[in-house]
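> Provided below for reference: sequence and predicted model.
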Amino acid sequence: MKILIKNGTLCTMAAQTEETKGDILIEDGKIAAIDREIRDQDAETIDASGLYVMPGMIDAHTHIGLFDFNNEHAVDDANEMTNPVTIAVDARYGVNPKAREFRAAYEHGITTLLITPGSGDVFCGLPFALKTYGDNVFDMSIKAPCAVKIALGGNPKNTYGDRKQLPMTRMGVAHVLRDTFRRAKEYLEKKERQEKVDYDADMEALCLALEGEIPCKVHCTQYDMLTAIEICKEFGVRFSLEHAWGATDYIDEIAESGCDVCYGPIATYRTCGERRKIDIEAVKELDERGVNVALVTDSPILSEESLYHHIGEAVREGVAQERAIRMVTVNAAKVLGVEERIGTLEVGKDADIILVKGRLGLDTDAKVQYTLIDGKIVYKNA
C-alpha cells in the first residue's frame, strides 16, 4: 500500500534543516521518498496544504496500562514492591493494551511511548517502547527492554519505611543502589572468566546495563540527582535522569555527566518535598549546554495529551519552538535507543507521521488532523 502526502510544510527534525514545502511517499509502512514534488498515480493521496507534516511524537516516560484507570477501581501493576530489587520484571506483562490512554495518545499525534514500571522499588524492572496503535502489546513493541528502571528518593523510602526495613532513608536507597551494582559487576566478571555462577535473573538484567546494551532510567529529583550521577559514573553505565525537578541547582554536574534528561511532567503541582522545585527553565539551560532533553508526561498521572502543554511551557520559558519539538521527537527517540527507526522524517524510517493544523507550542488551537503509524492512517480528524 502506498500513500502520498502532498503540499505539506515539512518539519523533518533531521539535522537542523529548515521547514520546506514538499511531498512524502510512503510504501509498505516506510518512508520511500521525500522531495519537493512527487508523482505517483497508484498512491492514495492526502492533501496536506496548510498543514505541518512532522514525525509522530514520542513520550519517553509513561506508565500507561500499568497504572490502569480504565475500570471502576484503579489497578497498580506498575510496582512489584515485594523487594527493593526487582530488576528482571518485564513491564510488557503488566500492560493492558485496551487502556483508553493509547487512543488518546495517537489521536493527539503521539505514536510511540516508553512504558516503565515503578517507582516503588529501588530497582523497579524493565521498561519497553511500543507504538500506540494496536491490540497486542507484544506486536506493538519495538524495543524490549529499553532500560533498567531505578528510583531514588521518596517513593522507595515510603514503600520500605512503612515496613521499617531497608531502605527507609536516602542513604539506605543509595546503599541498595551501589551494593546491587557491585554484586552485578562481580557476577558479570565471573561469567567473563567462565567461572560457574548460579543463574540470577536480576543480575542478568542489570548486566545489560553494565555491558552498555541499555541505559538506566533513574527517577530522581533535587539532590538525589547527584547520587544518580555519582553511582552511575562509578559503574560506567549510561543513564537518564527522570523527572529532574530541581535540575537548575546542578546544571554543571548534569552537563558534565553526559546523561540524558527526561524532564517532567511540567504541569505537576508544586508541593513540599520532591515537587518543591518545578523549574521549567531548566529545560532551556540544559538544552543550551548540549544535554539531550526529552519532555515527558508520566501519563496516566497526567493525561497523554498534556504533552502539548509541555511543549508550550518550554517555549514560554524561551526554548525555540523547533528545539521544543525535537524534545518530543528525535531527542526522545535517542533516549529510547530507537532513533534509527523513528523520531525524524527520513527515507527508510518508519512512516510514523502526523499532520498538524497550526504550530504546536505556539498556537493554542493547534490540532492534529492525521496520524499515521507504520504507514497506516490510524486517526483522521472528522
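Alright, I've got the coordinates. Predicted, not measured: the structure shown is a model, and the values here were computed from it. Numbers count the residues shown, from 1 in each chain.
> can you show me the helices along this protein?
Secondary structure of the chain (DSSP state H): helices located at 100-107, 137-140, 154-161, 170-192, 201-210, 224-234, 251-257, 281-288, 307-316, 321-326, 330-336.
> look up how far Ala147 lies from the residue positioned nearest the centre of the chain.
Most central in the chain under C-alpha atoms, centre = their mean is Ala60, positioned 0.7 Å from the mean C-alpha point. Distance, Ala60 to Ala147, using C-beta to C-beta, to the nearest Å: 10 Å. Using the backbone N, CA and C atoms, a C-beta is placed for each residue, glycine as well.
> now do the shared contacts for the two.
Contact with both Ala60 and Ala147 is made by residues Leu114, according to C-beta atoms under 8 Å, 6 or more residues apart in numbering.
> run through the residues that contact the residue nearest to the centre of the chain.
Leu114, Cys262, Ala294, Val296, Ala332, Val335, Leu336 are the contacts of Ala60 under C-beta under 8 Å, 6+ apart.
> tell me where the model's unsure across the chain.
16-17, 72-73, 272, 275 (pLDDT under 70).
> care to break it down by domain?
1-55+343-382, 57-341 (automatic domain parsing).
> tell me which of those domains sits most buried.
Most buried of the domains of the chain, by mean neighbour count (mean count of other C-beta atoms under 10 Å): domain 57-341, with a mean of 20.
> export stretch 229-236 as CSV, just CAs?
Taking C-alpha atoms only, stretch 229-236 is exported to CSV below (Å, rounded to 0.1, in the frame of the first residue of the first chain):
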residue,chain,number,x,y,z
ILE,A,229,25.3,10.8,38.7
GLU,A,230,27.9,9.6,41.2
ILE,A,231,26.9,6.0,41.3
CYS,A,232,26.2,5.6,37.6
LYS,A,233,29.6,7.1,36.7
GLU,A,234,31.2,4.8,39.3
PHE,A,235,29.9,1.8,37.4
GLY,A,236,30.2,3.2,33.9
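> quick check: the residue at the greatest distance from the centre of the chain vs Arg276, distance?
Going by C-alpha atoms, centre = their mean, the residue of the chain most distant from its centre is Gln41, 38.1 Å out. Separation of Gln41 from Arg276 (C-beta to C-beta) stands at 61 Å.
> same question for Glu253.
19 Å.
> can you pull out the strands in the stretch 251-382 of the chain?
For the stretch 251-382 of the chain, the strands defined by DSSP state E, counting those that start in this stretch occupy 260-263, 293-295, 353-357, 367-373, 376-380.
> CSV for the ones you listed, including distance to Asp202?
Formatted as CSV, the strands of the stretch 251-382 of the chain follow (distance: least, C-beta to C-beta, whole Å):
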stretch, distance to Asp202
strand 260-263, 24
strand 293-295, 27
strand 353-357, 39
strand 367-373, 34
strand 376-380, 37
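> between those, which one is closest to Gly172.
Closest approach to Gly172 among those (C-beta to C-beta): strand 260-263, 24.9 Å.
> what strands flank the closest one, and is each parallel or antiparallel?
Sheet pairing of strand 260-263 (DSSP bridges) gives strand 239-243 (parallel), strand 293-295 (parallel).
> adding distance to Arg36 as columns, could you present the ones you listed in CSV?
What follows is the strands paired with strand 260-263, written out as CSV (distance: least, C-beta to C-beta, whole Å):
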stretch, distance to Arg36
strand 239-243, 38
strand 293-295, 31
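> which among those is found nearest to Ala14?
Relative to Ala14, the nearest member of these by C-beta to C-beta is strand 293-295, separated by 17.4 Å.
> run the chain-centre distance for the closest one.
Centroid displacement of strand 293-295 relative to its chain, using C-alpha atoms, centre = their mean, to the nearest Å, is 8 Å.
> isn't Leu336 up against Leu114?
Yes - counting by C-beta atoms under 8 Å, Leu336 does reach Leu114; the two are 5.5 Å apart.
> which residues do those two both contact?
Ile58, Ala60, Ala129, Cys146.
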